[in-house]
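[1] Show me how the following folds:
(one chain, ligands or ions: 2)
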Amino acid sequence: MAGYKGRMGSTAAQMVIDNPDFELVGVFDARSQEQNLGEDDRFKGQDVPAFHDLNLIKTDATVWIDFTIPTAVYENAKFALNHGISPVIGTTGMTDEQVKDLQALAKEKKVGGLIAPNFGISAVLLMQFAQQAAKYFPDVEIIEMHHDDKIDSPSGTAISTAKKIAEVRQPKQQGNPDATETIPGARGAEYEGMRIHAVRLPGLVAHEEVMFGGPGEGLTIRQDSFDRISFMTGVKVAVEKVNQYHELFVGLENLL
Ligand SMILES: NC(=O)c1ccc[n+]([C@@H]2O[C@H](COP(=O)([O-])OP(=O)(O)OC[C@H]3O[C@@H](n4cnc5c(N)ncnc54)[C@H](O)[C@@H]3O)[C@@H](O)[C@H]2O)c1
Ligand SMILES: O=C(O)C1=N[C@H](C(=O)O)CCC1
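    Ligands and ions are numbered 1, 2, ... in the order given. Okay, here's the model as predicted:
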């Protein structure tokens, strides 16, 4: 478990501990040198080796769960693949090139893995429904809403939603071509003619709305993760299945 001291890492570590079919064989976090999992209140009674330096990790793990940060996840995933450990990556913010590199490495090493921008079933379904709707409604805006500690924007889920929509959407100039922004950024980020808006507020966890508009009608699709427990069903499925493959998938739907 990489990032075990974080919001997601600690939730996922607890899920692993609570699952009789899984064994937590090691944890990794760059945050602090001195604490090990046995001393951490959240994991009382567990005796699991804790690592704080990627180069010092020694483990016979079969799966590497990663909820760290965008600048760490690529090296972490490479480490896992090079050691024959299947990565289950929830960390967002990797570039398309980094993902391609990792997919090539997984194929070369014959190791299965998954990168999922969102492990929530509601988000996976939202992306599928949005892709379906975009065939009929090419005018679309994506609004993602997250807690205010999130460091990457737009969210991995929003990028993934936009990519899925772009696969089927008839490319078009959306909005008024003569429009100007009185305050730069007012219209949000642009991806293939679509606009993505990132909201950050305390009290939120992870939410997304995809709004479609057509002549005289509109369609809004929304999903909400009210609690990080919402991601655990997906992480569990991934951990159970990922070793059956020899390639690195992107998107939980590939394993459902
Ligand atoms: N795929 C999903 O369903 C999903 C759901 C929630 C969050 N996320 C993503 O998961 C990631 C973590 O989110 P979070 O809210 O738990 O963040 P967080 O800040 O609470 O936790 C990140 C943890 O990573 C640790 N870390 C930082 N640098 C590290 C390094 N170099 N090596 C190892 N550990 C390091 C930090 O010390 C921290 O404990 C983010 O990218 C977020 O977007 C994905
Ligand atoms: O809390 C976060 O950070 C989340 N990030 C993911 C993203 O970037 O899409 C998924 C939901 C939670």
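[2] Give me the domain ranges for the chain.
    Domain ranges of the chain: 7-111, 121-226, per automatic domain parsing.
[3] what residues does the stretch 101-250 of the chain put near ligand 2?
    Within the stretch 101-250 of the chain, the residues that sit near ligand 2 (CB under 6 Å from any ligand atom) are 117-118, 146, 150, 155-157, 206. C-beta here means a position set from N, CA and C on the backbone, and glycine is covered the same way.
[4] Need the residues you listed in a markdown table (columns: neighbour count).
    As requested, these are exported to a markdown table (neighbours: other CB atoms under 10 Å):
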| residue | neighbour count |
| --- | --- |
| 117 | 24 |
| 118 | 27 |
| 146 | 22 |
| 150 | 17 |
| 155 | 24 |
| 156 | 21 |
| 157 | 25 |
| 206 | 23 |
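[5] circling back: wait, which of the domains of the chain is closest to ligand 1?
    Ranking the domains of the chain by proximity to ligand 1 (CB to the nearest ligand atom) places domain 7-111 first, at 3.2 Å.
[6] ranges for the strands of the stretch 1-150 of the chain?
    Residue ranges of the strands in the stretch 1-150 of the chain, as given by DSSP state E, counting those that start in this stretch, are 27-28, 50-51, 63-66, 86-89, 113-115, 140-146.
[7] Centre of the chain to the third one, how far?
    Averaged C-alpha coordinates place strand 63-66 at 13 Å from its chain's average position (CA atoms, centre = their mean, to the nearest Å).
[8] need the strands for the stretch 151-256 of the chain, in chain order.
    Remark: strands assigned in the stretch 151-256 of the chain by DSSP E, counting those that start in this stretch are 189-191, 194-200, 206-214, 217-225, 248-250.
[9] now the ones you listed in a markdown table, with mean pLDDT?
    Shown next, in a markdown table, are those (pLDDT from 0 to 100):
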| stretch | mean pLDDT |
| --- | --- |
| strand 189-191 | 96 |
| strand 194-200 | 97 |
| strand 206-214 | 98 |
| strand 217-225 | 98 |
| strand 248-250 | 98 |
